[in-house]
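Student: Could you look at this predicted model? Sequence included:
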Amino acid sequence: MAKATQLINNEVFRAYATYAAIVLLKMMLMSLITAYFRITRKAFVNPEDTASFGKGESAKKYLRTDPDVERVRRGHLNDLENIVPFVGIGLLYALSGPELSSALLHFRIFTGARILHTFAYLIPLPQPGRGLSWAVGYAVTFSMAYNVLKATWLL
């Protein structure tokens, strides 16, 4: 088993750690953007979140859905559905011994696709921009999974 210092000195693992941190931070930012939209649109789902607007009927009008908030939430959900698999499969890929150039290509394309996907969701950009950025990121994760299986297949 590799020691932690060996992993940190491994360029592929360092690249993975860098790009995984970037997309995880981007995903965390989506929580803050959701909160911003909830506050600015005054659209909350929990009664306790409306306490600063009064009690009773005056606060109930803030218990509602808003199309902008829901759009940000869907973008965040899409991040959860795509970044979490990237983090797991990307780790296995980084540990499977790929060439640095191939690993960087995978990590950079995925990261760029997810950032573009976020802009496409939030602005919103016309389709097929969002769909293509999702598909590119998904294909990268699938490619890494294929390479992991190819390198480690033990039957």
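Tutor: That came through, no problem. Model, not experiment: these values are computed from the prediction.

Student: How about residue 47, nearest residue that isn't a chain neighbour?
Tutor: Closest residue to residue 47 apart from its sequence neighbours, by C-beta to C-beta, 6 or more residues apart in numbering: residue 63 at 6.4 Å. (Each C-beta comes from the backbone N, C-alpha and C, glycine too.)

Student: for that neighbour, which residues make a bridge with it?
Tutor: Note on residue 63: beta-bridge partners by DSSP bridges are residue 44.

Student: Kindly provide the distance from residue 54 to residue 62.
Tutor: According to C-beta to C-beta, to the nearest Å, residue 54 stands 9 Å off from residue 62.

Student: who's more crowded, the two?
Tutor: Neighbours around residue 54 and residue 62, counted as other C-beta atoms under 10 Å, are more numerous at residue 62. The numbers are 19 against 12.

Student: Surely the more buried one touches residue 52?
Tutor: No. With contact defined as C-beta atoms under 8 Å, residue 62 does not reach residue 52; the gap is 9.4 Å.

Student: buried residues in the helix or strand harbouring residue 94?
Tutor: Assigned by DSSP states H and E, residue 94 belongs to helix 67-95. Residues of helix 67-95 classed as buried under the neighbour-count rule (16 or more other C-beta atoms under 10 Å) are 69, 72-73, 75-76, 78-79, 82-83, 85-87, 89-95.

Student: Output the contacting helices and strands for that helix.
Tutor: Contacts defined by 3 or more C-beta pairs under 8 Å, 6 or more residues apart in numbering; DSSP states H and E place helix 67-95 against helix 11-41, helix 100-122, helix 129-152.

Student: tell me the most buried of the ones you listed?
Tutor: Highest mean neighbour count of the helices and strands packed on helix 67-95: helix 100-122, a mean of 19 (counted as mean count of other C-beta atoms under 10 Å).

Student: Please convert the helices and strands packed on helix 67-95 to JSON lines, extending it with distance to residue 48 and mean pLDDT.
Tutor: Converted to JSON lines, the helices and strands packed on helix 67-95 look like this (distance: least, C-beta to C-beta, whole Å; pLDDT from 0 to 100):
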{"stretch": "helix 11-41", "distance to residue 48": "13", "mean pLDDT": "96"}
{"stretch": "helix 100-122", "distance to residue 48": "27", "mean pLDDT": "97"}
{"stretch": "helix 129-152", "distance to residue 48": "34", "mean pLDDT": "96"}
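
Student: Kind regards, and thank you for your time.
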